[in-house]
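Peer 1: Return a 3D structure for these sequence lines:
(one chain, ligands or ions: 3)
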Amino acid sequence: MRLYLIGMPGAGKTTLGRALATFYGVPFIDLDEEIVRREGRSVAAIFSKEGEAYFREREAAALHAVLAQYPKLVLATGGGTPCFHQNLDLLLATGLTLYLAVPVEELVRRLGRAAAARPLLASLPDQQALETRLRETLAARERFYTRAPLQCAAAGCSVENIQRLILHYQTTA
Ligand SMILES: Nc1ncnc2c1ncn2[C@@H]1O[C@H](COP(=O)(O)OP(=O)(O)OP(=O)(O)O)[C@@H](O)[C@H]1O
Ligand SMILES: O=C(O)C1=C[C@@H](O)[C@@H](O)[C@H](O)C1
Ligand SMILES: [Mg+2]
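Peer 2: Ligands and ions are numbered 1, 2, ... in the order given. Predicted coordinates for the structure are as follows:
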């Protein structure tokens with residue numbers, strides 16, 4: 001199993017990815033955590049000290065390294081991973097990519113105050129501004145996310161549903 005989860009911040013990539021890796025008996029890797037480990041500092045610190053372009057370079061490098069290291073894995077990508085440096089082509093060519101499509105209203109509910117720790121969502125004055133930022137971000141990213149061969153809508157994003165979706169895909173593809 002080489003499963004890659006993509007989607008917006010708060011879509012559940014880390015939470016579902018961990019559970020799916022346990023189910024399939026393969027390592028779970030969270031790309032943000034991998035970048036933090038390799039760089040020795042937080043995502044927020046990398047963004048604020050070096051800027052986004054540097055982060056995207058390190059993100060692409062970490063993605064290549066992880067994919068080379070693990071023949072089997074479930075990978076939770078960062079929210080922006082598929083949208084930079086041909087990362088999406090690499091994902092599509094090397095494993096099964098699943099887009100967790102969660103509506104913005106639900107993302108706002110889930111992210112709440114935790115948005116402050118996320119560089120691209122930090123320093124927004126209120127929930128309305130967070131919602132606007134998420135809508136703009138999703139509008140720009142949807143053309144990347146929707147290239148995934150597997151897509152799961154919010155209500156269906158349980159571990160069990162995803163297992164069924166994957167099984168159906170594997171038996172019909
Ligand atoms: N299926 C779900 N139903 C309800 N809440 C969920 C679900 N999946 C995740 N959550 C909650 O939403 C929040 C965000 O989840 P998670 O950190 O897994 O998202 P993510 O896609 O990894 O986000 P990021 O891109 O910021 O790393 C967490 O508080 C988590 O408990
Ligand atoms: O949506 C994004 O662009 C990001 C999401 C996070 O997972 C981190 O990768 C970082 O904060 C950037
Ligand atoms: Mg995550």
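Peer 1: And L75, how far from P103?
Peer 2: Distance from L75 to P103, counting by CB to CB, to the nearest Å: 24 Å. Every C-beta, even on glycine, is put in place using the N, C-alpha and C of the backbone.
Peer 1: cool, Y24 as well?
Peer 2: Y24 sits 27 Å away from P103, taking CB to CB as the criterion.
Peer 1: When the two are compared, which one has more neighbours?
Peer 2: Neighbours were counted for Y24 and for P103 using other CB atoms under 10 Å; Y24 has more, 17 against 14.
Peer 1: who touches the more buried one in this structure?
Peer 2: 1, 3, 72, 74 (CB atoms under 8 Å, 6 or more residues apart in numbering).
Peer 1: Kindly supply the ChimeraX command isolating those of those that are buried.
Peer 2: Remark: buried members of those, expressed as a ChimeraX selection using 16 or more other CB atoms under 10 Å:
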select :1,3,74
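Peer 1: got the residues of the protein near ligand 1?
Peer 2: With CB under 6 Å from any ligand atom as the criterion, the chain meets ligand 1 at residues 7, 9-16, 32, 76, 78-79, 110, 118, 157.
Peer 1: Spit out the contact partners of the residue in the chain that ligand 3 sits nearest to.
Peer 2: Residue of the chain nearest ligand 3, by CB to the ion: T14 (3.3 Å). Contacts for T14 were tallied using CB under 8 Å, 6+ apart; they are 30, 32, 76.
Peer 1: Enumerate the residues of the chain near ligand 2.
Peer 2: 9, 32, 43, 78-80, 118-120.
Peer 1: Farthest-apart pair in these, please.
Peer 2: Across the residues of the chain next to ligand 2, the longest distance by CB to CB is 12.3 Å; it joins D32 and L120.
Peer 1: Looking at these two, which one has more neighbours?
Peer 2: Higher neighbour count among D32 and L120: D32, with 20 against 16, using other CB under 10 Å.
Peer 1: Next, count neighbours for E50.
Peer 2: Residue crowding around E50 was assessed by other CB under 10 Å; the count is 14.
Peer 1: Show me the strands in this protein, by range?
Peer 2: 2-6, 28-30, 73-76, 96-101, 150-153 (DSSP state E).
Peer 1: neighbouring contacts of the longest one?
Peer 2: Going back to what we said before, that points to strand 96-101. Outside strand 96-101, the residues within contact range by CB under 8 Å, 6+ apart are 1-8, 11-13, 16, 82, 88, 91, 145-154, 157, 162, 165-166, 169.
Peer 1: Same question for the shortest one.
Peer 2: Strand 28-30 has contacts (CB under 8 Å, 6+ apart) with 13-14, 17-18, 20-22, 66, 70, 73-76.
Peer 1: make it 10 Å
Peer 2: With contacts defined as CB atoms under 10 Å, 6 or more residues apart in numbering, strand 28-30 is touched by 3-5, 13-14, 17-22, 36-37, 62-63, 66-67, 69-70, 73-78.
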